[in-house]
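Chemist: Need the 3D shape of this:
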Amino acid sequence: MASTVAPPSTSPPSPVLDRRRASASVILRSVLEHGPVARSTISRLTGLSPASVTDYCARFTERGLIREAAAPHRSGGVGRPHLPVDLDRSRFVVGGVHVAVPYTTVALLDLRGRVVAENRLRHDRTEPGLVLANASDGIAALLAAVPGRTALGIGVAAGGWVDPDSGTIVEHALLGWRDVAVREAVGARTGLPVHVDGHARALVNGERLFGRARGSRSLLHLFVGNVVDAAFATHDQVHYGPRSQAGAIAHLPLTGGSERCDCGRTGCLQAELSERTLCRRARGLGVIDGSNPMHVVSAAAAGDLPAVRLLLERSRMVGRAAGLLLDVLNPEAVVVTEIGAIHREDCLRALREAVGPERASAVVPTSFPDSVLAVAGGSVALDVLYRDPLGSRAPSPAENLMAVRTAPAAPGSPPGAN
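Modeler: I've put the predicted structure just below:
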């Protein structure tokens, strides 16, 4: 079955369409933030007329995005009862794919960004065709395991240089990928609309929609994994820059760094803070014998002092990096995704101390400590939904699964991969 991904428009949307899209977005966001909520309250919160709110809510209900609450609410016991509306989390999901260096995370998320199902697919080989085919089939397997749910689309997130306009991973040095047409590959195999973005930008959108930083006028996200990158948003708009290269901070020089980078310099941010570097140092100290950074966290929790010191020093360095970005961008809030700050209070304290006492309160760990990669992928698709909730048709479950069954094998796929 052919992909339902719409071709890019050759002309800008009309002002009327822009207004309608903005109205639909602000109303559905109000239901997300305040639901169950009365239509009259939505009108008051958004400044839109009661008639407009009623009309859009009727459209959302018809599409299965919202539903009326089971029982009406009577304010103070007098007057006409209100019929609150809320998101309908029982019908639709989005697929989330996060491509990391050692594995791919596939997940289904509901309309509130909550993970319904999740799986991790380890990379035996990292050929793009094989990785993306496995991810597509992994989404199909999750959908088959949750009957009655329909996927609205798939979001794909990854580190490195990602161009959402073309749906391409332009460059991911650690995977050795260049100019990988992700949207085309996953869309052809699943028959679903596919949206692609960098994981730091995806997590900014996840935080502003579902996280503790919701409502911040400006937000910085610093992602510290094997890839180290950042994203910045003001007034709900993520900054992409020319060719979507904003947030590429891998070679930002870090004072006190000693790690030799592939670029030939010493102290580049990614070389110094990468989870690969953490694990190599932990192996050198006899803390672990593998390459899983969570084993360093486990060792520290068991009282291994070298593991504790490694994590604390890394968090301090992350704090220095966050401080540099704060100096340049001056955001209202900073969200950091880093395993030490996520799992240990002493690491979070060390990170905040390195940022500085006057700004420490602005720095918080990710809102999704147990599902950050799943949320990254799903947030790419959910951001599209909440920006334009009436802009696309939902494929049926039969279309979803038929597309997966009948799609051609991706390059590099083993026999029987379909």
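Chemist: hmm, which helix or strand of the chain has the shakiest average pLDDT?
Modeler: In the chain, no helix or strand scores lower on mean pLDDT, DSSP states H and E than helix 397-406, which sits at a mean of 46.
Chemist: could you pull out the helices for the stretch 1-150 of the chain?
Modeler: Secondary structure of the stretch 1-150 of the chain by DSSP state H, counting those that start in this stretch: the helices cover 15-34, 39-46, 50-63, 128-144.
Chemist: of all the ones you listed, which has the lowest average per-residue confidence?
Modeler: Among the helices of the stretch 1-150 of the chain, helix 15-34 carries the lowest mean pLDDT, a mean of 91.
Chemist: name the helices or strands packed onto it?
Modeler: helix 39-46, helix 50-63, strand 85-87, helix 372-387 (3 or more CB pairs under 8 Å, 6 or more residues apart in numbering; DSSP states H and E). Just so you know, the C-beta spots here come from the backbone N, C-alpha and C atoms, and that holds for glycine as well.
Chemist: For the third one, enumerate the helices and strands it packs against.
Modeler: When contacts are defined as 3+ CB pairs under 8 Å, 6+ apart, strand 85-87 sits against helix 15-34, helix 50-63, strand 66-68.
Chemist: Compare the ones you listed and report which one is nearest to residue 266.
Modeler: For residue 266, the closest of these is helix 15-34, at 45.6 Å, according to CB to CB.
Chemist: and the angle for that closest one with helix 372-387?
Modeler: Interaxial angle, helix 15-34 versus helix 372-387 (axes from the mean of the first three to the mean of the last three CA atoms, to 10 degrees): 130 degrees.
Chemist: Model confidence for the nearest residue to residue 142 once chain neighbours are set aside, exactly?
Modeler: Closest residue to residue 142 apart from its sequence neighbours, by CB to CB, 6 or more residues apart in numbering: residue 117 at 4.5 Å. As predicted, residue 117 sits at a pLDDT of 97.
Chemist: Who does residue 117 form a beta bridge with?
Modeler: Residue 117 has the following beta-bridge partners by DSSP bridges: residue 108.
Chemist: show me the contacts for it.
Modeler: 107-108, 142, 145-146 (CB atoms under 8 Å, 6 or more residues apart in numbering).
Chemist: Tabulate those (JSON lines), appending neighbour count.
Modeler: Output for these, formatted as JSON lines (neighbours: other CB atoms under 10 Å):
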{"residue": "107", "neighbour count": "27"}
{"residue": "108", "neighbour count": "25"}
{"residue": "142", "neighbour count": "21"}
{"residue": "145", "neighbour count": "12"}
{"residue": "146", "neighbour count": "14"}
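Chemist: which of those residues lies closest to residue 277?
Modeler: Closest to residue 277, out of all of those and judged by CB to CB, is residue 107, at 27.5 Å.
Chemist: Bridge partners for residue 181, pull those for me.
Modeler: Residues in beta-bridge contact with residue 181 (DSSP bridges): residue 168.
Chemist: Isn't it up against residue 162?
Modeler: No: in this structure, residue 181 is not within contact of residue 162 by CB atoms under 8 Å, at 12.0 Å.
Chemist: quick one: which of these two has more around it?
Modeler: Higher neighbour count among residue 181 and residue 162: residue 162, with 31 against 16, using other CB atoms under 10 Å.
Chemist: Leaving out the residues flanking it, which one is nearest to that one?
Modeler: residue 198 (4.2 Å).
Chemist: Name the residues that touch stretch 142-149?
Modeler: 90-93, 95, 106-108, 116-119, 151, 397, 400-401.
Chemist: Point me to the helix or strand that includes the closest residue to residue 101 other than its chain neighbours.
Modeler: Counting by CB to CB, 6+ apart, the nearest residue to residue 101 once its immediate chain neighbours are dropped is residue 226, at 4.5 Å. Using DSSP states H and E, residue 226 sits in no helix or strand.
Chemist: swap in residue 151?
Modeler: Assigned by DSSP H and E, residue 151 falls in strand 150-158.
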